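1. Below is the sequence, then the predicted model.
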Amino acid sequence: MRVYLDNTASTPIYPEVIELMSNVLKENFGNPSSIHHFGRQSKVIIENARKQIAGFLNAAPSEIFFTSGGTEANNMAISGAINDLKIENVITSPIEHHAILHTLEHYENQGKTKVHFVKLDEKGRVIPESLEELLKKFPASFVTLMHANNEISNLLPIKEISKLCREHDAIFHSDMVQSVCHYKIDLQKIDIDMASSSGHKFHAPKGVGFIYINGKRIKINPLIIGGGQERSMRGGTENIAGIAAIAKAFEIAHKNMEEDEKKIRSLKSYMVNKLSEQFAGVEYIGDSMDKGLYTVLSVAFPENLFDDILLMNLDVEGVAASSGSACTSGALKGSHVINYLKINLNKQVIRFSFSKFNTFEEIDFCINVLNKLQLKH
């Protein structure tokens with residue numbers, strides 16, 4: 001048996017999405033920039049997808065721009081703020097995704113901006129009062145804070161943060177890669193300037209995502225130049241099948257969102273109960289046990305319970321999980337998020353993340369594997 005509990009890194013694609021992609025790849029091969037029938041048919045697919053996604057997010061279709069994923073969308077937002085809007089101060093947190101932190105480091109090293117870090121509490125949650133202090137000191141800043149942390153599940157009080165940004169004339173961007181299609185998001189009620197998303201986090205394929213840009217407040221230049229695609233905001237022939245797929249995944253997710261959330265929460269709760277019963281001293285990092293993103297459970301096991309290659313041993317026994325972000329799981333330093341929170345280095349921290357396709361039987365299998373891997377003293 002093989003069990004996949006790494007859905008925060010990437011999710012299985014909906015069967016309906018695979019079927020749709022296959023049909024588009026076979027039938028809609030025309031270049032969307034061509035004026036003939038085949039090109040027009042491809043263009044219709046893209047614009048219908050844009051309209052559909054905008055509708056779910058309560059945005060205008062003209063505010064949705066398709067990208068290759070969340071990293072490109074994040075880069076586009078940051079580049080636009082620094083290079084086009086000429087914002088000199090950026091406010092973020094030390095536990096953002098590396099798509100944010102490394103990009104900001106790049107621009108800071110070039111002398112184009114100064115990065116300031118908001119304070120976090122002991123669980124890694126943003127302290128709004130700290131943000132307010134920074135905004136008073138650096139008004140009209142660019143604020144970029146993720147909606148849901150991909151490693152410890154903490155949820156940003158996004159409306160409160162948006163209100164603070166408005167009060168201090170700041171531009172507010174949020175990496176929403178982990179929250180889009182897991183929660184109903186109304187971009188008008190949030191009152192945000194830019195947001196990023198990636199399809200493979202909600203059962204669409206890799207290689208397609210989008211950025212939302214508030215058309216009433218923001219005008220930035222393209223990050224990728226070389227064509228008039230995406231209303232001259234992103235050069236390059238569009239990924240037609242991927243764009244059709246991400247719109248279909250949106251439709252499925254929003255149709256079944258309450259039911260799916262209820263199932264995933266029950267799986268997560270079941271695993272928490274099993275872990276707490278069978279492993280004395282187990283801890284849950286951040287808000288992953290209750291208040292946070294319901295797809296994520298970040299677990300710190302007591303020191304000396306397992307050997308130091310637990311993640312590898314889990315995989316050998318048939319369980320796929322993560323030691324943190326998938327983008328750093330092979331790095332010797334480990335997760336920058338877990339390191340920042342100063343978790344006891346002798347504790348094994350494993351992130352389990354769930355989707356609607358997981359089962360209680362799979363949770364039982366995982367628990368049995370963990371029991372098997374315990375060191376016998």
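-> Happy to help now that I have it. Being a predicted model, the structure only gives us computed values, none of them experimental.

2. and the gap between the residue lying closest to residue 355 once chain neighbours are set aside and residue 73?
-> Closest residue to residue 355 apart from its sequence neighbours, by Cβ to Cβ, 6 or more residues apart in numbering: residue 7 at 4.2 Å. C-betas here are computed from N, CA, C, even on glycine. Residue 7 is 20 Å from residue 73, where distance means Cβ to Cβ, to the nearest Å.

3. ok, now residue 154?
-> According to Cβ to Cβ, residue 154 stands 21 Å off from residue 73.

4. now swap in residue 138 and tell me
-> From residue 138 to residue 73 the distance is 24 Å (Cβ to Cβ).

5. So for these two, which sits in the more crowded spot?
-> residue 73 (29 against 19; other Cβ atoms under 10 Å).

6. mind saving the C-alpha coords of the strand or helix carrying that one as PDB?
-> Using DSSP states H and E, residue 73 maps to helix 70-79. Taking C-alpha atoms only, helix 70-79 is exported to PDB below (Å, rounded to 0.1, in the frame of the first residue of the first chain):
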ATOM      1  CA  GLY A  70       2.400  30.800  -7.800                       C
ATOM      2  CA  THR A  71       6.200  31.600  -8.000                       C
ATOM      3  CA  GLU A  72       5.800  33.600 -11.200                       C
ATOM      4  CA  ALA A  73       2.700  35.300  -9.800                       C
ATOM      5  CA  ASN A  74       4.600  36.300  -6.700                       C
ATOM      6  CA  ASN A  75       7.600  37.500  -8.700                       C
ATOM      7  CA  MET A  76       5.200  39.600 -10.900                       C
ATOM      8  CA  ALA A  77       3.700  41.200  -7.800                       C
ATOM      9  CA  ILE A  78       7.100  42.000  -6.200                       C
ATOM     10  CA  SER A  79       8.700  43.200  -9.400                       C
END
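
7. Show me what that helix is packed against.
-> Taking 3 or more Cβ pairs under 8 Å, 6 or more residues apart in numbering; DSSP states H and E as contact, the helices and strands that helix 70-79 lies on are strand 64-67, helix 98-109, strand 142-144, strand 171-175, strand 194-198, strand 209-213.

8. buried set for that helix?
-> 70-79 (16 or more other Cβ atoms under 10 Å).

9. That one: how far from the chain's middle?
-> Distance of helix 70-79 from the chain centroid (Cα atoms, centre = their mean, to the nearest Å) equals 13 Å.

10. likewise stretch 165-172?
-> Centroid separation for stretch 165-172 versus its chain: 23 Å, with Cα atoms, centre = their mean.

11. For that stretch, give the mean pLDDT please.
-> Stretch 165-172 carries an average pLDDT of 98.

12. Quick check: buried residues in the worst-scoring helix or strand of the chain on mean pLDDT?
-> Of the helices and strands making up the chain, the lowest-confidence element is helix 336-340, at a mean of 91, by mean pLDDT, DSSP states H and E. Using 16+ other Cβ under 10 Å as the test for burial, helix 336-340 gives 336-338.

13. Nearest to residue 177, out of these: which one, please.
-> Minimum distance to residue 177 across the buried residues of helix 336-340 is 14.6 Å, recorded for residue 337 (Cβ to Cβ).
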